[in-house]
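S.K.: Coordinates for the following, if possible.
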Amino acid sequence: MASRSRSFVAVVFVLLLVPLTSAKAASAPEAVTRELTATVQAMMNALASGKPAVWEHALADDAVVIDEFGRMQGKNDAVKSITGLPAGFSGEIRLLQPKARIWGDTAVLTVDADEYETVFGQKLHVLYRMTVTFIRQDRRWRMVAMHNVTVPTTPPTLEVEGLTLDDYPGVYRYAPERAFAVRRDGDALSFTTRAGRPATRLMPVARDVFMDDGDEKNLFVFRRDDAGKVVRLIERRKFNDLVLKRDAN
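M.R.: Numbering: from 1, shown residues only. Alright, predicted model coming up:
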């Protein structure tokens, strides 16, 4: 009985392994990459011009769209949301660096969406990174999933009056062996999380509030005691606060 059990387990393991090892991606032919990119570009154009029929045609009936804020929509809601830009707004989205891979009748396109928008004369620029999944259906590619994220970029520099940079340098600790070391570099602040690691610049937002110029662009909020001395640091990361206590000088 034990021998048969081992044989059965081995057979199941092999059956499970076969589809996994055979599911290897291949780079899509250039013609397919162009077709998928053209579909997504038409959908991006439709956002500004307000042409829901473009999205209606591109999306499969059970498609899922997740936008840059994490909101999830099915096809009907996604199509209804295509109403065009309001008066005073204009813009365009250009697709950059498209790459497509194919698994049988499934294709995945990864692409950057470079958005330039004008809001009552003010210029805004945002970069998104998109993953778009298509299936081959009725002899054409239908979109079944789209997922967007915003790529953090360095914001414009703000001039903050009354900023005293010497208030902030010090070691701020959240565990005995874990600390941020804040220092002044001329007219700017920077911090390191471990000895020997590169420093990350802190960009002022307001008095006692900075944004890091690293990959995540988190907020750094310095807190003061009743005497006005900086005693704590809050790193606001992904909508959560990591609280660090300043070492005594």
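
S.K.: Give me the next element, helix or strand, following the helix or strand bottoming out on mean pLDDT in the chain.
M.R.: The helix or strand of the chain with the lowest confidence, counting by mean pLDDT, DSSP states H and E, is helix 2-22 at a mean of 46. Using DSSP states H and E, the helix or strand that directly follows helix 2-22 along the chain is strand 26-27.

S.K.: partner strands of that next one, parallel or antiparallel?
M.R.: strand 89-103 (antiparallel) (DSSP bridges).

S.K.: Look at the most centrally placed residue in the chain and tell me its secondary structure.
M.R.: The chain has Val149 as the residue nearest its centroid, 3.4 Å off, counting by CA atoms, centre = their mean. For Val149, the assignment made with DSSP: H, G, I helix; E, B strand; the rest coil gives strand.

S.K.: which residues touch it?
M.R.: Glu68, Tyr128, Arg129, Met130 (CB atoms under 8 Å, 6 or more residues apart in numbering). Glycine gets a C-beta too; all of them are placed from N, C-alpha and C.

S.K.: what pairs with it across the strands?
M.R.: Applying DSSP bridges, one finds that Val149 bridges with Arg129.

S.K.: Centre of the chain to the host helix or strand of Met203, how far?
M.R.: Element membership for Met203, per DSSP H and E: strand 200-206. When C-alpha coordinates are averaged (CA atoms, centre = their mean, to the nearest Å), strand 200-206 and its chain have centres 21 Å apart.

S.K.: partners of that strand, with directions?
M.R.: Using DSSP bridges, the strands paired with strand 200-206 are strand 188-192 (antiparallel), strand 209-212 (antiparallel).
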